[in-house]
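Asker: please work out how this folds:
(one chain, ligands or ions: 1)
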Amino acid sequence: MADEYDAFITEETIEGDAEGRLAGTTVAVKDNISTAGVRTTCGSEMLADYVPPYSATVVERLTDAGATIVGKTNMDEFGMGTTTETSAFGPTRNPIDPERVPGGSSGGSAAAVAAGEADVALGSDTGGSVRCPAAFCGVVGIKPTYGLVSRYGLVAYANSLEQIGPIAGTVEEAAEALSVIAGPDPNDGTTRDPTDAEDADATVPEGGYAAAADGDVDGLTVGVPTELFEGADERVVETVEAAIADLEAQGAETIEVSLPSVEHAVQAYYVIATSEASSNLARFDGVRYGHRAEGDGNWNESFAETREAFGAEVKRRILLGTYALSAGYHDKYYAKAQDAREWVRRDFDDAFEDVDVIASPTMPVLPFELGESLDDPLRMYLADANTTPANLANLPAISVPAGEADGLPVGLQLVGPKFDEATVIRAASAVEDR
Ligand SMILES: NC(=O)C[C@H](N)C(=O)O
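Answerer: Below is the predicted model of the structure:
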């Protein structure tokens, strides 16, 4: 990685069509999203030389719309991390303060946008991986409703939780990129047409999501859940509260709501995500593609040696997930985590009876210093307290810059009902307009 903040793993260009709604737009793509003929490493030794034979649907939609892909961005290995320090290629630095992390796992994507190296970037968000780096780097990140954007060509970490989402300097630019990548894909059976989806509150403005970035929050009801402010850094809370007060000044009504289940969200998330990861990552066996250790002809040994190529965090999660799914523990951990997930879903449904969007800090902390959280995985996991609930409930969520504290960016998160990205985009654009 040779660029200023080590945001890119590969700086190869893929030219888009000459015309289209994104003509002239440069896009950086997270390195777990497949690009035909261009290395896709997932930030791992395991895939250090892997060149996919096909491109992800999102990449094809972007280039068909005229965007030029300018490179593949650094990330926590297989998306597992909150700082972009678990990458086998070394950490990315935060352009706002190069002694700090850019957040993760899509840290290279957010850093590329914050440093002006790309207009837009794609990330993937399993438990906050688009919103966290957007918040830490002072840019905008959208985690779409589960099923709005195709995951075809995304190297899977935890299928039931993740979505690909755009990162950009403004809400409008992120919304425009979302319009291009959104919509059903025959190659991903979990995708839906938002206007047809059952139990959806879909609003897709004519001309696309960017049209919703009109800053008009007059009459909008914003829910403020006490649980997502408790335990957050005071400087973060002050900055976010000031931004919410500004929304009120622009005509929104705010009411307190309660989401009692979210205190279990991180725990449930880490059981479900690691369980799915332990199954997904079983495919890296040295036989079909990716790294292969020589071995001495003994299958068990060569398999074990091949898997030594995973980094410490990935190994930790494979072990955790395998344990959670193992006979005798399945009901104790995995089944319980699924119950908690259902409870989180219901809490949001109840809250959306009374409010249009839910506002909170995106991250309860300011960006970590480089190296600060690496030896303390639990501390890193707990930083996902506010972002994981939207993944568990499959809801749309956005992080928009709310201001600064001690010279560091603070993100405000807005979560909306299923497929109602338009309302979160509208509210976020009002935060940005202050
Ligand atoms: N992938 C993500 O969304 C990031 C989250 N911190 C995780 O490690 O799972």
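Asker: what about Ser129, neighbour count?
Answerer: 36 (other Cβ atoms under 10 Å). Placement of C-beta: from N, CA and C, glycine included.
Asker: that one belongs to a strand?
Answerer: No - assessed by DSSP: H, G, I helix; E, B strand; the rest coil, Ser129 does not belong to a strand; its assignment is coil.
Asker: nearest residue to it in space, please, no chain neighbours.
Answerer: Ser105 (4.2 Å; Cβ to Cβ, 6 or more residues apart in numbering).
Asker: right, and the one you found touches Met80 too?
Answerer: Yes - assessed by Cβ atoms under 8 Å, Ser105 is found in contact with Met80 at 6.7 Å.
Asker: mind listing the shared neighbours of the two?
Answerer: With contacts defined as Cβ atoms under 8 Å, 6 or more residues apart in numbering, the residues shared by Ser105 and Met80 are Thr86.
Asker: higher neighbour count, the two?
Answerer: Comparing Ser105 with Met80 by other Cβ under 10 Å, the one with more neighbours is Ser105, at 35 against 31.
Asker: phi and psi next, for the more buried one.
Answerer: Note on Ser105: its backbone torsions stand at phi -90, psi -10 [degrees, to the nearest 10].
Asker: what's the neighbour count on the residue of the stretch 251-400 of the chain found nearest the ligand?
Answerer: Closest approach of the stretch 251-400 of the chain to the ligand (Cβ to the nearest ligand atom) occurs at Asp384, with a separation of 4.8 Å. Counted by other Cβ under 10 Å, the residues lying close to Asp384 total 24.
Asker: all helices of the stretch 251-400 of the chain, in order?
Answerer: 265-280, 299-306, 312-325, 336-351, 377-382, 388-392 (DSSP state H, counting those that start in this stretch).
Asker: so how far is Gly16 from the residue nearest to Ser129?
Answerer: Ser105 sits at a distance of 26 Å from Gly16 (criterion: Cβ to Cβ, to the nearest Å).
Asker: try Thr221
Answerer: On the measure of Cβ to Cβ, Thr221 and Gly16 end up 40 Å apart.
Asker: higher neighbour count, those two?
Answerer: Counted by other Cβ under 10 Å, Thr221 and Gly16 do not tie: Gly16 has more neighbours, with 23 against 15.
Asker: what's the more buried one in contact with, if anything?
Answerer: Taking Cβ under 8 Å, 6+ apart as the test, what Gly16 contacts is Leu22, Ala23, Leu62, Thr63, Asp64, Ala65, Gly66, Ala67, Thr68, Ile69.
Asker: buried subset of those?
Answerer: Listed as buried from the contacts of Gly16 are Leu22, Leu62, Thr63, Ala65, Gly66, Ala67, Thr68, Ile69; burial here means 16 or more other Cβ atoms under 10 Å.
Asker: among these, which lie within strands?
Answerer: Thr68, Ile69 (DSSP state E).
Asker: just the buried ones among the contacts of Gly16 now: which is nearest Ile9?
Answerer: Distance to Ile9, by Cβ to Cβ, is smallest for Ile69 among those, at 13.1 Å.
Asker: the closest one reaches Val29, doesn't it?
Answerer: Yes - look at Ile69 against Val29 with Cβ under 8 Å: they come within range, at 5.6 Å.
Asker: stretch 391-406 near the ligand at all?
Answerer: No - for stretch 391-406, no contact with the ligand is found by Cβ under 6 Å from any ligand atom; the gap never falls below 7.2 Å.
Asker: ranking helices and strands of this protein by mean pLDDT, which lands last?
Answerer: When the helices and strands of the chain are scored by mean pLDDT, DSSP states H and E, helix 299-306 comes last with a mean of 87.
Asker: contacts for it, please.
Answerer: Phe284, Asp285, Gly286, His291, Arg292, Ala293, Glu294, Gly295, Asp296.
Asker: may I have it as CSV, with CA atoms only?
Answerer: Only the C-alpha atoms of helix 299-306 are listed here, as CSV (Å, rounded to 0.1, in the frame of the first residue of the first chain):
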residue,chain,number,x,y,z
TRP,A,299,-4.5,-34.2,4.2
ASN,A,300,-5.2,-33.2,7.8
GLU,A,301,-1.8,-31.6,8.2
SER,A,302,-1.9,-29.7,5.0
PHE,A,303,-5.4,-28.5,5.8
ALA,A,304,-4.3,-27.3,9.2
GLU,A,305,-1.2,-25.7,7.8
THR,A,306,-3.2,-23.9,5.1
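Asker: buried residues in it?
Answerer: Going by neighbour count (16+ other Cβ under 10 Å), the buried part of helix 299-306 is Ser302, Phe303, Glu305, Thr306.
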